[in-house]
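Undergrad: What shape does this take:
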Amino acid sequence: MRLTAQYDKAGVNMDYFDLHCDTISACHTKRQALNSNTLHLSLDKAKGFTKWVQVFALWIPDTFRGAAAQTHCELLLHRFQRELEQNENRVKQWKNGLLSPQAGRCTAILSLENASALNGDIEYLYRLHGAGVKLITLTWNGINQVGCGALSGEKSGLTPFGRTLLDEMALLGIAADVSHLNEAGFYEAAQRENVSLLASHSNAAAVWPHGRSLTDAQIRVLIARQGLMGLCFCRGFLGGADCAGRAEIHRQVEHVLALGGEDILALGSDFDGAEIPPELDGIGSVPALYADLGRRGIPQKILQKLFYGNAMRFF
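TA: Here you go, the predicted structure:
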């Protein structure tokens, strides 16, 4: 069944699960509100979704280290909690129990991007768990107490603290996000079978080469581990300066499908954390992306998995 007629009509709803955005960090630094703003994502701009699950990252830039990284994390966590209170009728955080999104309300999942926020202190993990953090992006681009980022130039894997952290995360039910992690760290994390593994916002390097993207071998590991691969809207991961967006996402989808990745495909937009091409520039563009992929021949069953179903299965 083609989706052109179904999703080109105004007001037709769909389900949407996004594994990564930096909107809370942008709200904090740019002093804007979650409900209405000039950012990629706001509650007002999210239209056309029956069910909407959004992972909000607390992003810790590599410029923060030590106690400063933890302090910044606390500031972002406070901002996230304040936005929940101010929009209690429009957004609800999932912390415990069965993930059961409600129609007409955003279901928020909290993540930490860059485990430097722990400052090498495993006790802080329990603070994050209590706040509802469900996944942790282990590094950003550089080096921290856990391991080395994909753009760090370093070849070593996880540190002893990083291995301890993964074991504790597994006990608490916190997933390990390998986006940004270098290859040595990726494979070491993947060897720990008790860890839930995903790449929340990463693309296929074979389609467009970038140091932050995944090799086919890494994608096959995610397939074998029944993880997730959230396709990222970052222009640098999709194509060159003339990249428009939708055709490039289609190429990424087709490539992962060819590798046997139908059940790991998801979306990790990176809204408010990256330069986004014009056809994907904001959450309001998502229904049009769904329709465009349908016109390009992606079956409805796979679209449902990509936009919602696979991520729901994982969590």
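Undergrad: okay, CA-based contacts and neighbour counts for the rest of this
TA: OK.
Undergrad: so who does Arg296 touch?
TA: Residues in contact with Arg296, defined by Cα atoms under 8 Å, 6 or more residues apart in numbering, are His250.
Undergrad: per-residue pLDDT, it?
TA: pLDDT, Arg296: 96.
Undergrad: Over to Gln6?
TA: For Gln6, the pLDDT comes out at 49.
Undergrad: doesn't Thr137 make contact with Val178?
TA: Yes. If you go by Cα atoms under 8 Å, Val178 and Thr137 touch, sitting 6.1 Å apart.
Undergrad: Can you pick out the residue with more neighbours from those two?
TA: Relative neighbour count places Val178 above the other of Val178 and Thr137, with 28 against 25, counting by other Cα atoms under 10 Å.
Undergrad: mind listing the helices for the protein?
TA: Counting by DSSP state H, the chain has helices at residues 4-8, 23-30, 67-86, 123-130, 160-172, 183-190, 216-224, 235-238, 246-258, 286-295, 300-304, 310-314.
Undergrad: got these as CSV, with distance to Leu39 columns?
TA: Listed next are these as CSV, based on distance: least, Cα to Cα, whole Å:
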stretch, distance to Leu39
helix 4-8, 25
helix 23-30, 8
helix 67-86, 15
helix 123-130, 26
helix 160-172, 32
helix 183-190, 32
helix 216-224, 31
helix 235-238, 17
helix 246-258, 20
helix 286-295, 15
helix 300-304, 26
helix 310-314, 24
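Undergrad: just so I know, which of those lies nearest Pro277?
TA: Among those, helix 235-238 comes nearest to Pro277, with 5.5 Å by Cα to Cα.
Undergrad: if you compare the helices of the chain, which one is most tucked away?
TA: helix 235-238 (a mean of 23; mean count of other Cα atoms under 10 Å).
Undergrad: Rounded mean pLDDT for it, please.
TA: 96.
Undergrad: what's the offset of it from the middle of its chain?
TA: Between the centre of helix 235-238 and the centre of its host chain there is 15 Å, according to Cα atoms, centre = their mean, to the nearest Å.
Undergrad: quick one, which of the helices of the chain is nearest to Ser152?
TA: helix 183-190 (11.2 Å).
Undergrad: got the angle for that closest one vs helix 160-172?
TA: Helix 183-190 and helix 160-172 meet at an angle of 40 degrees, taking axes from the mean of the first three to the mean of the last three Cα atoms, to 10 degrees as the criterion.
Undergrad: All further residue positions should be reported with the first residue as 54.
TA: With 54 as the first residue, the last one maps to helix 236-243.
Undergrad: related to what we said a few turns ago, out of the helices of the chain, nearest to Phe324?
TA: helix 76-83 (6.8 Å).
Undergrad: what's that closest one in contact with?
TA: Contacts for helix 76-83 (Cα under 8 Å, 6+ apart): 85-87, 92-94, 109-112, 129, 132-133, 324-326.
Undergrad: could you turn that helix into PDB, dropping everything but the C-alphas?
TA: Output of helix 76-83 as PDB, limited to C-alpha atoms (Å, rounded to 0.1, in the frame of the first residue of the first chain):
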ATOM      1  CA  THR A  76      16.400  20.900  22.500                       C
ATOM      2  CA  ILE A  77      16.700  21.100  26.300                       C
ATOM      3  CA  SER A  78      20.300  22.300  26.000                       C
ATOM      4  CA  ALA A  79      19.200  24.800  23.400                       C
ATOM      5  CA  CYS A  80      16.300  26.000  25.600                       C
ATOM      6  CA  HIS A  81      18.900  26.500  28.400                       C
ATOM      7  CA  THR A  82      21.600  28.300  26.400                       C
ATOM      8  CA  LYS A  83      19.300  30.400  24.200                       C
END
